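Undergrad: Starting from these lines, generate the structure:
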Amino acid sequence: MKSLKGKLAAVTGAGSGIGRAVAIDLARRGCRVAASDIQADAVAETVRLIKSAKGDAKAYSFDVADREAFYQHAAAVKKDFKAPANLVINNAGVGLAASVLEMKWEDFEWLMGINFWGVCYGTQAFLPQLIESRDGHVVNVSSMYGMISGPLTSAYNAAKFGVRGYTEALRIEMKAARLPVEVSCVHPGGIRTNIAKTSRLATASGNADRAKFEKWFARMTLTTPEKAAQIIISGILGNRPRILVGPDAHVIDVVQRTVGIRYQWLAQTLLNPLMAGMKP
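TA: Next up is the predicted model:
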């Protein structure tokens, strides 16, 4: 995909953060945007911002964890824009901080439904359109936690490692079958989004200090959503299979490649301060 002008992109989680920034940046480059989010008011605001800058966009609201709803969404996008999508960016995601010992199944399933199954549903719902367009691209958002694991992030790691494996397999399949679809996996580091505010927290004490967590998260976020969007779109146009977003993601990539499994001794104390409040 050498140009975005006139292309049609479907972006999930477009009501805020990376999703909103990507949708706006794509529209500025002449891309038509099908922006979606579970928060209808938030995605409507994204579309308002795009239209105020003379861009072409339409807002949709549904739950990415609902497979049938995602397939209905893909059909609606093709019908509304009268063309198959060229680009799908599966960005919607949530957070969960909980130990394996105390994590509730309903929290684990909630996160996997959005962060993993939502990516799979979005990919497979739009893949026929991408092939039909003859110039398609799948972009699935994993995380730096799709390269390494950390304490209290087992569910998040499971989803993001899963997204990475699923996406890399898809890229191999598209290449082997010589289909006109490129595939990229995005690994953001700390991005200044509201995911800390919407994350579910559960520690051994039974009452995680959300203010402490949000303060820690703010210190760890080195990249703005707007900068993240620029990097992601540059990666799409450069057809990069792995797109690292932020200096911390690059550092983690180097650490993982250099020390291998030995990175875990650092993660025991450095990657999540909530561990300090856990019972032995």
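
Undergrad: Show me what the longest helix anywhere in the chain is in contact with.
TA: When the chain is parsed with DSSP state H, its longest helix is helix 154-176. With contact meaning C-beta atoms under 8 Å, 6 or more residues apart in numbering, helix 154-176 is reached by 95-96, 98-100, 103, 107-108, 111-112, 115-116, 119-120, 123, 138, 140-143, 145-147, 149-150, 181-185, 187, 241. All C-beta spots, glycine's among them, are computed from the backbone N, C-alpha and C.

Undergrad: which residues sit in contact with Asn115?
TA: By C-beta under 8 Å, 6+ apart, the contact list for Asn115 reads 93-94, 156, 159-160, 163.

Undergrad: could those residues go into JSON lines alongside pLDDT, neighbour count and distance to Ala267?
TA: Below are the contacts of Asn115 laid out as JSON lines (pLDDT from 0 to 100; neighbours: other C-beta atoms under 10 Å; distance: C-beta to C-beta, whole Å):
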{"residue": "Gly93", "pLDDT": "94", "neighbour count": "28", "distance to Ala267": "21"}
{"residue": "Val94", "pLDDT": "93", "neighbour count": "21", "distance to Ala267": "21"}
{"residue": "Tyr156", "pLDDT": "94", "neighbour count": "24", "distance to Ala267": "13"}
{"residue": "Ala159", "pLDDT": "98", "neighbour count": "28", "distance to Ala267": "17"}
{"residue": "Lys160", "pLDDT": "98", "neighbour count": "25", "distance to Ala267": "14"}
{"residue": "Val163", "pLDDT": "98", "neighbour count": "26", "distance to Ala267": "20"}
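
Undergrad: what's the farthest-apart pair in these?
TA: Farthest-apart pair in the contacts of Asn115 is Val94 and Val163; separation 13.3 Å (C-beta to C-beta).

Undergrad: How far does the longest helix of the chain sit from its chain's centre?
TA: How far helix 154-176 lies from its chain's middle: 12 Å, per C-alpha atoms, centre = their mean, to the nearest Å.

Undergrad: How far away from the center of its chain is the host helix or strand of Arg257?
TA: Using DSSP states H and E, Arg257 maps to helix 247-259. Put simply, helix 247-259 sits 19 Å off its chain's centre (C-alpha atoms, centre = their mean).

Undergrad: Appreciated, that's everything.
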